[in-house]
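Chemist: Provided below are the primary sequence and the corresponding predicted coordinates.
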Amino acid sequence: MRQPCARWGCKNNATYDLPLCREHWQDWDAFELDECSSCHWFYGNAEFIIWDLSDDIDDKHPLMCNNCLAIELIESGKVNPWPGIEWEKRSVASHKTIERLRRYVYILKLSDATFYPGQTKDLAVRLQEHRDGQQRQTKGKDPKLVYFEMFEGMREEVNDREKELNQLNKTSLGRRRIRQMVEEFRSHFRLVDLER
Ligand SMILES: [Zn+2]
Ligand SMILES: [Zn+2]
């Protein structure tokens, strides 16, 4: 027996390894759904709107749905922020926690002084694959990681960024830009103090 989808109001079953049905998983991945930190149901962005509007709201209310927040405000003696709406306590949705996947766009420098941009979910694993010669374009060219950017979720942004870097890598002007990026990146790392 499958778990029901944790999107409030959805009648579908969750997929086998996620708390949401397929459709709502895609919404979540596109940053259109968020999990209420109080009732743990998932809601669309508009259902968190009081959180943005009310002056009473501070860091004590990290991403609470309108419903939970209204009840908390009423119970703490403040007025119903939206008079006329009957708020009703919702049972807690139990599901395992999900985290946004991290993805990386990276650039390798090869022994023939060329660059190789790519993307991966796991930087360490991918780097090892390159070193082991599993990637045709980098095989035998002593690939060295010289640059990366980290993304959370946003698959399309990652694809766009990878495409952009590949475009840059095709022209000498673009490659000059890449060299600048790598140099800036390195200069930031020189600021990192690992002695603490
Ligand atoms: Zn659903
Ligand atoms: Zn809630």
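Modeler: Arrived safely. Ligands and ions are numbered 1, 2, ... in the order given.
Chemist: ok, longest helix in the chain?
Modeler: If you go by DSSP state H, the chain has its longest helix at helix 172-189.
Chemist: check which residues of that helix are buried.
Modeler: By 16 or more other CB atoms under 10 Å, the buried positions in helix 172-189 come out as 174, 178, 181. Every residue, glycine included, has its C-beta placed from N, CA and C.
Chemist: now, which of these sits nearest Lys11?
Modeler: Closest to Lys11 out of the buried residues of helix 172-189 is Met181 (48.1 Å), distances taken as CB to CB.
Chemist: was I right to think the closest one contacts Val146?
Modeler: No - at 9.1 Å, Met181 does not count as touching Val146 under the criterion of CB atoms under 8 Å.
Chemist: what is in contact with the two at once?
Modeler: Common contacts of Met181 and Val146 (CB atoms under 8 Å, 6 or more residues apart in numbering): Ile107.
Chemist: residues making contact with the longest helix of the chain?
Modeler: With contact meaning CB under 8 Å, 6+ apart, helix 172-189 is reached by 107, 109, 115, 146-147, 165, 167-169.
Chemist: report the mean per-residue pLDDT for it.
Modeler: Across helix 172-189, pLDDT averages out at 95.
Chemist: how far is it from where the chain is centred?
Modeler: Computed by CA atoms, centre = their mean, to the nearest Å, the chain-centroid distance of helix 172-189 equals 25 Å.
Chemist: also stretch 66-84?
Modeler: The chain centre lies 31 Å from the centre of stretch 66-84; the measure is CA atoms, centre = their mean.
Chemist: do the same with stretch 117-134
Modeler: That offset, for stretch 117-134, works out to 20 Å (CA atoms, centre = their mean).
Chemist: which positions in the protein make contact with ligand 1?
Modeler: Within reach of ligand 1 by CB under 5 Å from the ion, the chain has these residues: 5, 7, 10, 12, 21, 24.
Chemist: count of residues packed around the closest residue to the second one other than its chain neighbours?
Modeler: Spatial nearest neighbour of Arg7, chain neighbours left out: His24 (4.1 Å); criterion: CB to CB, 6 or more residues apart in numbering. By other CB atoms under 10 Å, the residues close to His24 number 23.
Chemist: quick one: buried residues of whichever strand or helix holds His24?
Modeler: Following DSSP states H and E, one finds His24 within helix 22-29. Residues of helix 22-29 classed as buried by neighbour count (16+ other CB under 10 Å): 24-25, 27-29.
Chemist: considering helices and strands only, name the one in this structure with the lowest mean pLDDT.
Modeler: helix 49-53 (a mean of 58; mean pLDDT, DSSP states H and E).
Chemist: what about Ile107, helix or strand, and which?
Modeler: Assigned by DSSP H and E, Ile107 belongs to strand 102-109.
Chemist: following that strand, which helix or strand shows up next?
Modeler: Assigned by DSSP H and E, the successor of strand 102-109 is strand 115-120.
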